[in-house]
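>>> predicted structure and sequence below. I'll ask about it afterward.
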Amino acid sequence: ISLTVDRRVWRRYEPSSEIKVTVRNQQQKPLSGAKLRLLGPGWIDREIDLPTLPAEEEYTEQVSFDTTLRPDDYVLQGQVRVEGDYPMSREESLLLKLVPRRVPGRMPVLMWGIGSPDEFEKELPRLQELGFNHCLGFSPSPSKVWEAGKPVPTEGPVTINSVKDMLDSALANDFDIAASLYAGHFLKDRKDLSRVDRNGQPYQRHDCNAALPGLQEFSENYGRSVGEMYGDHPAFVAALINSEVRDSTHVSFSRYDQEQYRKFAGEEIPAEVTDKIGPRWNTIPDFPKDRVLPDDDRLLKFYRWFWTVGDGWNPLHTAFHRGLKADGRDRIWTFYDPAIR
């Protein structure tokens, strides 16, 4: 007999996952007359007459944990017994924890660090002693999502279960976990996505051209993948999106970038544009003496476009955010360093 469940800690009144109870006949002959008893003091006491199980076959029962109970530890016991000339029994138990609902509006005090389930377990007492109630707990790899071209699990079962165990531990200790979603840094390592100068050559300081077609879809798929794996766990509350990935951004003059600006402005990128910060005011002919530019100034128009849309990072981050919060996961909040720190 085995008792399995995705999580072992719930917040009171939260819908619980189904607990899977499996009875397997490991004999080389059919098993008849067996009874399955499920006992959870205060919430379940049920006995089930099992059908005849052929050799190596299984019987499965689903049980829901009653999360309306008072916050406490609860044990589900499963027992299989066979009466007769050769009586036998097998038992298994599962420890479940129910924690109180939280008063809304707690201010996040986030440790920018930790980064893994092992480190979280090691540092949790010290984090709480120092007054932290959030930390960065895990960083899913985007490579499988890139290869698949659609939302997929980013890691294998061992890593996913390790993260889920950490989230359970966090919930049991009234702590919250934020993910580090660094797919932008993954893209920056791809030389085929380089920004290029006016001569079509990659810049010496490489950076991903985040505006290129397909990257927003990849980003949304990555965010959705993480949300589908962990988004139903109440201890997963936030995500850091691409920390400081924009530092090496630059104006890109690829054919695609020039076409996008032409669609936006109805004109070419101004000839004076050579980098992301713009020319110095005293090099621009007829620059206003009061240094106040009109709203329709060509350079002002370009740089407004570049820093809001043109370099691609804002739309890319929005796509991460949109995918992560899809399917009703609106409670998860996101931030970007160094805009919020």
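On my side now, so go ahead.

>>> just give the nearest non-adjacent residue to the residue nearest the centre of the chain, would you?
Ranked by distance to the mean C-alpha position of the chain (Cα atoms, centre = their mean), the top residue is residue 226 at 3.5 Å. Distances taken as Cβ to Cβ, 6 or more residues apart in numbering put residue 140 closest to residue 226, at 5.3 Å, once the chain neighbours are dropped. In this view, the C-beta of every residue, glycine as well, is placed from N, C-alpha and C.

>>> for the stretch 1-150 of the chain, what spans make up the strands?
2-4, 9-11, 18-24, 34-40, 44-49, 58-64, 72-82, 88-99, 110-114, 134-138 (DSSP state E, counting those that start in this stretch).

>>> now the angle between strand 34-40 and the longest one, please.
Using axes from the mean of the first three to the mean of the last three Cα atoms, to 10 degrees, the direction of strand 88-99 lies 20 degrees away from that of strand 34-40.

>>> pull out the buried residues from strand 88-99.
With burial defined by 16 or more other Cβ atoms under 10 Å, the residues of strand 88-99 counted as buried are 92, 94, 96, 98-99.

>>> check the third one too.
Residues of strand 18-24 classed as buried: 19, 21, 23-24 (neighbour count, 16+ other Cβ under 10 Å).

>>> wait, residue 262 touches residue 268, no?
Yes - contact status for residue 262 versus residue 268: in contact at 6.6 Å, counting by Cβ atoms under 8 Å.

>>> mind giving me the domain split of the protein?
Per the record, the chain has its domains at 2-99, 110-250+311-335, by automatic domain parsing.

>>> got the ones you listed as CSV, with distance to residue 276 and mean pLDDT columns?
Shown next, in CSV, are those (distance: least, Cβ to Cβ, whole Å; pLDDT from 0 to 100):
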stretch, distance to residue 276, mean pLDDT
domain 2-99, 45, 92
domain 110-250+311-335, 6, 96
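
>>> enumerate every residue touching residue 171.
9-11, 99, 233-235 (Cβ atoms under 8 Å, 6 or more residues apart in numbering).

>>> you'd agree the residue nearest to the centre of the chain is in a strand?
No - assigned with DSSP: H, G, I helix; E, B strand; the rest coil, residue 226 falls outside any strand and is helix.

>>> got the contact list for it?
140, 154, 179, 181, 239, 323-324.

>>> who wins for neighbours among the residues you listed?
With neighbours taken as other Cβ atoms under 10 Å, the top of those is residue 324, carrying 28 neighbours.

>>> what's the closest of the domains of the chain to residue 293?
domain 110-250+311-335 (20.5 Å; Cβ to Cβ).

>>> first-to-last residue distance for that closest one?
12 Å (Cα to Cα, to the nearest Å).

>>> picking up where we left off before, return the most buried member of the strands of the stretch 1-150 of the chain.
Most buried of the strands of the stretch 1-150 of the chain by mean neighbour count (mean count of other Cβ atoms under 10 Å) is strand 134-138; its value is a mean of 23.

>>> who does that one pair up with?
strand 110-114 (parallel), strand 176-181 (parallel) (DSSP bridges).

>>> what sits up against it?
With Cβ under 8 Å, 6+ apart as the test, strand 134-138 has contacts from 108-117, 120, 123, 127, 163, 166-167, 170, 175-180, 237-238, 240.

>>> what do you get for stretch 38-57?
If you take Cβ under 8 Å, 6+ apart as the criterion, stretch 38-57 is touched by 21, 23-32, 34-37, 59, 61, 63, 65-66, 69, 74-80.

>>> over to stretch 17-27?
Here stretch 17-27 makes contact (Cβ under 8 Å, 6+ apart) with 1-7, 31, 34, 36, 38, 50, 53-65, 76, 78, 80, 94.

>>> for this protein, just list every one of the helices.
Listed in chain order, the helices of the chain (DSSP state H) span 117-130, 143-148, 157-172, 183-188, 215-230, 255-265, 298-305, 313-324.
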